[in-house]
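Enquirer: A structural model of the following input is requested.
(one chain, ligands or ions: 1)
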Amino acid sequence: MTSSRATRFPIGNALSIETLENNVYPALHELRTHEPVSWLPALKAWLVTRHDLSIEVMRDAKIYTVDHPGFSTAQVVGPSMLSLDGTTHQAHRMPFEKPFRKREVNNRFTESVTRQVAALIESFKATGGAELRRDFAGPIAVQAMVTALGLEETPVQQVLTWYDTIVQAVTLVAKGEPVSADGQLAFQALKTTLMPSLQANPESSLLAAAGASNAALDEDQIVSNAAVLLFGGIETTEGMIANALYHLLTTPDALAMVCADYGLIPNAIEESLRLEPAAAVVDRYTTEEVTIAGATIPPDELVEISLLGANRDPAVFPNPDQFDLTRSNLRAHVTFAQGPHVCLGLHLARLETQQALAQALTALPNLQLRTDSTSQADAKPRGLIFRKPKALNVVWG
Ligand code: HEM
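Expert: Sure, this is the predicted structure:
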């Protein structure tokens, strides 16, 4: 069967992980034109690269599900909205819907995010140079999630250690290993720390507001969903902020436009989200045999939606590889997914990125990437699943 797939999908068959990680865009254009749903042996998955097809798949949770043992997160943190579909998915997501709405997010987070971004800039401003991914984008993302979960009294380093240990445990389970003792201990410790914040006054944090929502979930289930907020909210937002800074600092015309009119920052954020989605793919498993764009996919197979591919579909975005602040359909990208699993944190992530860009451009005059070849190469977003710069070394003044 595999060899007949190789014959039917020669472009997908020839793609290596190396190309997908480091030079993916020409390959995605090729695939989209000739094999918009293709079989990639390197990924052991089907890959969808057209904008319309990606939306079709993401909206159809009956045929393309996340409720599958192939997803390892549930084995470490328990079932959550990330690993469920249908009415149970709705029940797990519901308590978080209201506190993540735009107005609620702006009310709850504007002051804290503004203050946290300002304090970070103050901590390195006098030095004239910094690595903005690890020293700026990463801490902004972590601090927002610490605030969301009401963990202000817990050292940030402790939250990051739990996060790293749980991510490692999930990665090992994905490779077929049992849940590690370290992973179990880290999740238990996170859970013990989250309980008091879950039971606190609903005004005190987003988690407490979710806990007070009269949901059909018990406290353990709410905590499992709170843990997936950490997964959803840290690495992706770090990438989103770093990628937006990268695009502005490497597109002088756009930077000049934004510096002349900060009202264009949201355009810059949307266009950066389109060009380099920090989460590159969304995974689903087929529940039954399905034929899509001429490809017949058997049940129980992994289908990856390439958000990168969809976002550069020339049928939707003319000159798709260009960073263009004046596009009429800036928000037509699918970076936050669509359908039942559409990103819960999108308003918060936008708020964080807005503050990061506005304050960096104001407080760090003449901000630019370091010109040495290593800094230039490190700044380019890359990665198979998460896309972001290796490092964003900048100077100002
Ligand atoms: C404050 C930061 C964020 C939080 C708290 C957050 C949280 C979440 C949660 C809980 C989900 C699962 C929703 C569900 O299954 O019903 C989700 C989905 C998703 N998020 Fe976010 N997110 C954040 C930022 C981001 C960013 C910056 C990106 C990309 C640039 C992103 C991309 C996605 C995608 C693609 C999905 C869909 C996953 C799937 O369908 O398999 N998120 N997010």
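Enquirer: hey, let's count contacts and neighbours off CA atoms from now on
Expert: Fine.
Enquirer: now do the helices in the stretch 251-397 of the chain.
Expert: 252-260, 265-275, 307-311, 346-363, 373-379 (DSSP state H, counting those that start in this stretch).
Enquirer: pipe those helices into CSV and attach distance to the ligand per row.
Expert: As requested, the helices of the stretch 251-397 of the chain are exported to CSV (distance: least, CA to the nearest ligand atom, whole Å):
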stretch, distance to the ligand
helix 252-260, 20
helix 265-275, 6
helix 307-311, 8
helix 346-363, 4
helix 373-379, 17
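Enquirer: any idea how far whatever residue of the stretch 1-150 of the chain ends up closest to the ligand is from residue 384?
Expert: In the stretch 1-150 of the chain, the residue that lies nearest the ligand is residue 82 (3.8 Å; CA to the nearest ligand atom). The gap separating residue 82 from residue 384 is 20 Å, by CA to CA, to the nearest Å.
Enquirer: where exactly do the strands run in this protein?
Expert: Using DSSP state E, the strands of the chain run over 37-40, 45-48, 64-65, 129-131, 281-286, 290-292, 295-297, 302-306, 368-369, 393-395.
Enquirer: export the longest one as PDB, just CAs?
Expert: Listed next in PDB are the C-alpha coordinates belonging to strand 281-286 (Å, rounded to 0.1, in the frame of the first residue of the first chain):
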ATOM      1  CA  VAL A 281       0.300  22.300  12.000                       C
ATOM      2  CA  VAL A 282      -3.000  21.100  13.500                       C
ATOM      3  CA  ASP A 283      -3.400  17.300  13.900                       C
ATOM      4  CA  ARG A 284      -6.500  15.100  13.500                       C
ATOM      5  CA  TYR A 285      -7.300  11.400  13.000                       C
ATOM      6  CA  THR A 286      -9.800  10.100  10.500                       C
END
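Enquirer: tell me the contacts of the residue in the stretch 151-300 of the chain that the ligand sits nearest to?
Expert: Closest residue of the stretch 151-300 of the chain to the ligand, CA to the nearest ligand atom: residue 233 (3.4 Å). Listed by CA atoms under 8 Å, 6 or more residues apart in numbering, the contact partners of residue 233 are 141, 142, 145, 345, 349.
Enquirer: need the strands of the chain in JSON lines (columns: mean neighbour count, distance to the ligand and mean pLDDT).
Expert: As requested, these are arranged in JSON lines below (neighbours: other CA atoms under 10 Å; distance: least, CA to the nearest ligand atom, whole Å; pLDDT from 0 to 100):
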{"stretch": "strand 37-40", "mean neighbour count": "26", "distance to the ligand": "18", "mean pLDDT": "98"}
{"stretch": "strand 45-48", "mean neighbour count": "25", "distance to the ligand": "14", "mean pLDDT": "98"}
{"stretch": "strand 64-65", "mean neighbour count": "23", "distance to the ligand": "9", "mean pLDDT": "98"}
{"stretch": "strand 129-131", "mean neighbour count": "19", "distance to the ligand": "19", "mean pLDDT": "98"}
{"stretch": "strand 281-286", "mean neighbour count": "22", "distance to the ligand": "5", "mean pLDDT": "96"}
{"stretch": "strand 290-292", "mean neighbour count": "13", "distance to the ligand": "19", "mean pLDDT": "98"}
{"stretch": "strand 295-297", "mean neighbour count": "16", "distance to the ligand": "19", "mean pLDDT": "97"}
{"stretch": "strand 302-306", "mean neighbour count": "25", "distance to the ligand": "9", "mean pLDDT": "97"}
{"stretch": "strand 368-369", "mean neighbour count": "20", "distance to the ligand": "22", "mean pLDDT": "98"}
{"stretch": "strand 393-395", "mean neighbour count": "20", "distance to the ligand": "21", "mean pLDDT": "98"}
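Enquirer: how about those strands in JSON lines, adding distance to residue 267?
Expert: As requested, the strands of the chain are exported to JSON lines (distance: least, CA to CA, whole Å):
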{"stretch": "strand 37-40", "distance to residue 267": "30"}
{"stretch": "strand 45-48", "distance to residue 267": "27"}
{"stretch": "strand 64-65", "distance to residue 267": "32"}
{"stretch": "strand 129-131", "distance to residue 267": "24"}
{"stretch": "strand 281-286", "distance to residue 267": "23"}
{"stretch": "strand 290-292", "distance to residue 267": "33"}
{"stretch": "strand 295-297", "distance to residue 267": "36"}
{"stretch": "strand 302-306", "distance to residue 267": "22"}
{"stretch": "strand 368-369", "distance to residue 267": "20"}
{"stretch": "strand 393-395", "distance to residue 267": "23"}
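Enquirer: can you count the residues close to residue 293?
Expert: 12 (other CA atoms under 10 Å).
Enquirer: tell me who's in contact with the closest residue to it other than its chain neighbours.
Expert: Spatial nearest neighbour of residue 293, chain neighbours left out: residue 37 (6.4 Å); criterion: CA to CA, 6 or more residues apart in numbering. Going by CA under 8 Å, 6+ apart, residue 37 touches 31, 46, 47, 48, 49, 50, 292, 293, 294, 295.
Enquirer: the last one contacts residue 47, correct?
Expert: Read that as residue 295. No - here residue 295 does not reach residue 47: they are 10.6 Å apart, not a contact under CA atoms under 8 Å.
Enquirer: need the residues touching each of those two.
Expert: Common neighbours of residue 295 and residue 47 (CA under 8 Å, 6+ apart) are 37, 38.
Enquirer: sorry, back to before: the residue of the stretch 1-150 of the chain closest to the ligand contacts residue 341, doesn't it?
Expert: Yes - if you go by CA under 8 Å, residue 82 and residue 341 touch, sitting 7.4 Å apart.
Enquirer: for the lowest-mean-pLDDT helix or strand in the chain, the distance to its chain's centre please.
Expert: Of all helical and strand segments in the chain, the minimum by mean pLDDT, DSSP states H and E falls on helix 2-8, at a mean of 84. In terms of CA atoms, centre = their mean, to the nearest Å, the centre of helix 2-8 is set 32 Å apart from its chain centre.
Enquirer: equivalent analysis for stretch 84-96, please.
Expert: Relative to its chain's centre, stretch 84-96 lies at 20 Å (CA atoms, centre = their mean).
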